[in-house]
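1. Below is the structure, and that's it, no one-letter string:
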Ligand SMILES: [Zn+2]
Ligand SMILES: [Zn+2]
């Protein structure tokens, strides 16, 4: 889904239906969270935040929902670090910058060719990721480096 889209529940419901996903309450809340928090949250993070509002929401439900979203191309999965799966509702090709000080992950509007679904030297590409690592602007400011 692209940025700047209106985030009413009706719009999200319509979006899921168009993708062939039954818009259950939990699914809508998870999608809404991802659309409103462009911080590339982990399952842990989503669970921590959403369970304040929905105490019955389990990590398994979140995990299964994300897997379903993933299979429909509604979210993309980021594995910048091993064992740390993050989720992004912006499925357009863009690069990610991870701050090694605070751990935040930023979207970077870096131009790179979208190689998905292309054949390269006889190989079929199914995913294309660009990850950058360093120190984010906030941490640079904070530490005065
Ligand atoms: Zn930082
Ligand atoms: Zn992103």
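-> Cool, the structure landed. All figures in this text were calculated on a predicted structure; none of them were measured in a lab. Ligands and ions are numbered 1, 2, ... in the order given.
2. What number of residues are in the vicinity of residue 85?
-> Neighbour count of residue 85, defined by other Cβ atoms under 10 Å: 16. Glycine gets a C-beta too; all of them are placed from N, C-alpha and C.
3. Surely it and residue 42 touch.
-> Yes: with contacts counted by Cβ atoms under 8 Å, residue 85 reaches residue 42, the gap being 6.3 Å.
4. per the record, what domains does the protein have?
-> Domain ranges of the chain: 1-84, 93-145, per automatic domain parsing.
5. CSV please, covering those domains and showing mean neighbour count and mean pLDDT.
-> Output for the domains of the chain, formatted as CSV (neighbours: other Cβ atoms under 10 Å; pLDDT from 0 to 100):
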stretch, mean neighbour count, mean pLDDT
domain 1-84, 15, 90
domain 93-145, 12, 88
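6. among these, which is nearest ligand 1?
-> Ligand 1 lies closest to domain 93-145 among these, at 3.1 Å (Cβ to the ion).
7. Quick check: which of the domains of the chain is nearest to ligand 2?
-> For these, proximity to ligand 2 was assessed by Cβ to the ion; domain 93-145 is nearest, at 4.1 Å.
8. thinking in terms of the whole chain, how far from its middle is that closest one?
-> Distance, stretch centre to chain centre, for domain 93-145: 13 Å (Cα atoms, centre = their mean, to the nearest Å).
9. part of a helix, is residue 87?
-> No: under DSSP: H, G, I helix; E, B strand; the rest coil, residue 87 sits outside any helix and is assigned strand.
10. State the pLDDT value of it.
-> On pLDDT, residue 87 comes in at 95.
11. The spatially most central residue of the chain and residue 32: what is the separation?
-> A centroid search over the chain (Cα atoms, centre = their mean) returns residue 88, at 1.0 Å, as the residue closest to the centre. According to Cβ to Cβ, to the nearest Å, residue 88 stands 15 Å off from residue 32.
12. can you give me the strands for the chain?
-> For the chain, strands defined by DSSP state E occupy the ranges 76-81, 84-88, 95-99, 105-108, 119-120, 123-124, 131-134.
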